[in-house]
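Chemist: The following comprises the amino acid sequence and a computationally predicted model.
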Amino acid sequence: MSEPILLSSPDALILVAQRGAVRTLTLNRPASLNSFTTDMHAELRAALDAAAADDAVRAVLITGAGRAFCAGQDLNDPGMGAGADGKPDIGAVIEKNYRPLALRIQSMPVPVVCAVNGVAAGAGANFAFCCDIVLAGRSASFIQAFARIGLIPDCGGTWLLPRLVGRPRALALALTGDKLSAADAERFGMVWQVVDDAELPAQAQALADRLAVMPSRALVATRQALDASQSLTLSDALTLEAHMQGELGRAHDFAEGVAAFQQKRPAVFKDR
């Protein structure tokens, strides 16, 4: 496999690299544990939009530089601003930065893999959980740190946590703000797999490479169907399945997959 090609400046807040059909986005504020700023959000959304628009990208891999994945919001960020009363307008920050970020991840036209190296706290943890498949290094940890500063989970945390772990565990994690080890996060079903720290980059890349050669449109439709099913009756979910299968069955990748199976050869999927 070829070496990744850096598509961004080495000192960018989001490092962008391409290797094969996988676009890697690395949060790059290691001295601040990759905590979010308004400028970093802008670069990240632009990088995600660019990946979504590029047909050469068939999977996205997100990770953090240095010893952390993301420590959440940088509370010293001047971009946080203030309301008319002079107090921080955190609701405006959510609407400007975290809402579009969570929705952008959910609407990506390719699968998104997250490799959590080190701490993922607050919005950093919930940003990771927005991704399709999460791998974590053995020393990684997850913290719903919001209650410690008088806030509630954001970046989709109130929607994600109960669906990932159930209401009792979601409430306990959010109310206590206790640190959760990678092993416990795997046991709770919050991450797909825990791997040794040294193996995390290679394992995450291998997973992204594997997804990149699979039928992207079907993988994304699977995400959409599973998310939608959370608020559907069984009857409505079956109707949605029939509708989606009808569309996918008329696409190139289904015909190619069947032909490859019958001809006992690797399939070459193209739909996106």
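Modeler: Nice, I can see it.
Chemist: When you work out contacts or count neighbours from here on, use the C-alpha atoms and nothing else.
Modeler: Will do.
Chemist: what are the ranges of the strands in the stretch 101-250 of the chain?
Modeler: In the stretch 101-250 of the chain, the strands defined using DSSP state E, counting those that start in this stretch lie at 112-116, 119-121, 133-137, 141-143, 179-181, 193-195.
Chemist: Pull up the pairing partners for the third one, direction included.
Modeler: Strands that pair with strand 133-137, judged by DSSP bridges, come out as strand 112-116 (parallel), strand 193-195 (parallel).
Chemist: Any chance you could list what contacts the longest one?
Modeler: Counting by CA atoms under 8 Å, 6 or more residues apart in numbering, strand 112-116 makes contact with 59-64, 68-69, 105, 128, 131-137, 140, 200-201, 204, 207-208, all of which sit outside it.
Chemist: For Ser141, give the beta-bridge partners.
Modeler: When bridges are called by DSSP bridges, Ser141 pairs up with Val119, Ser181.
Chemist: From Arg169, how far off is the residue most central in space within the chain?
Modeler: The C-alpha lying nearest the average C-alpha coordinate of the chain belongs to Cys131 (CA atoms, centre = their mean; 2.3 Å). Cys131 sits 20 Å away from Arg169 when distances are taken as CA to CA, to the nearest Å.
Chemist: if we can go back for a sec, of the strands paired with strand 133-137, flag the one that's most buried.
Modeler: strand 112-116 (a mean of 27; mean count of other CA atoms under 10 Å).
Chemist: pLDDT averaged over it, what's the number?
Modeler: Confidence over strand 112-116 (mean pLDDT, whole number) is 98.
Chemist: ditto for stretch 25-40
Modeler: Average pLDDT, stretch 25-40: 97.
Chemist: will you turn the strands paired with strand 133-137 into CSV that also has distance to Ser229?
Modeler: Compiled in CSV, those are given as follows (distance: least, CA to CA, whole Å):
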stretch, distance to Ser229
strand 112-116, 20
strand 193-195, 24
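Chemist: nearest to Glu247, of those?
Modeler: strand 112-116 (22.4 Å; CA to CA).
Chemist: Using CSV, write down the CA coordinates of the closest one.
Modeler: The C-alpha trace of strand 112-116 is given here as CSV (Å, rounded to 0.1, in the frame of the first residue of the first chain):
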residue,chain,number,x,y,z
VAL,A,112,-16.7,6.9,8.8
VAL,A,113,-14.3,5.2,11.1
CYS,A,114,-13.0,6.8,14.3
ALA,A,115,-9.7,5.8,16.0
VAL,A,116,-9.8,7.1,19.6
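Chemist: Tell me the predicted confidence for Lys87.
Modeler: The model's pLDDT for Lys87 equals 82.
Chemist: How is this structure partitioned into domains?
Modeler: What automatic domain parsing lists as the domains of the chain is 5-212, 216-263.
Chemist: Tell me which of those sits most buried.
Modeler: Of the domains of the chain, domain 5-212 is the most buried (mean count of other CA under 10 Å), at a mean of 19.
Chemist: before we move on, which element is Thr63 in?
Modeler: Element membership for Thr63, per DSSP states H and E: strand 59-64.
Chemist: Give the partner strands of that strand in its sheet and their orientations.
Modeler: When DSSP bridges is applied, strand 59-64 pairs with strand 22-27 (parallel), strand 112-116 (parallel).
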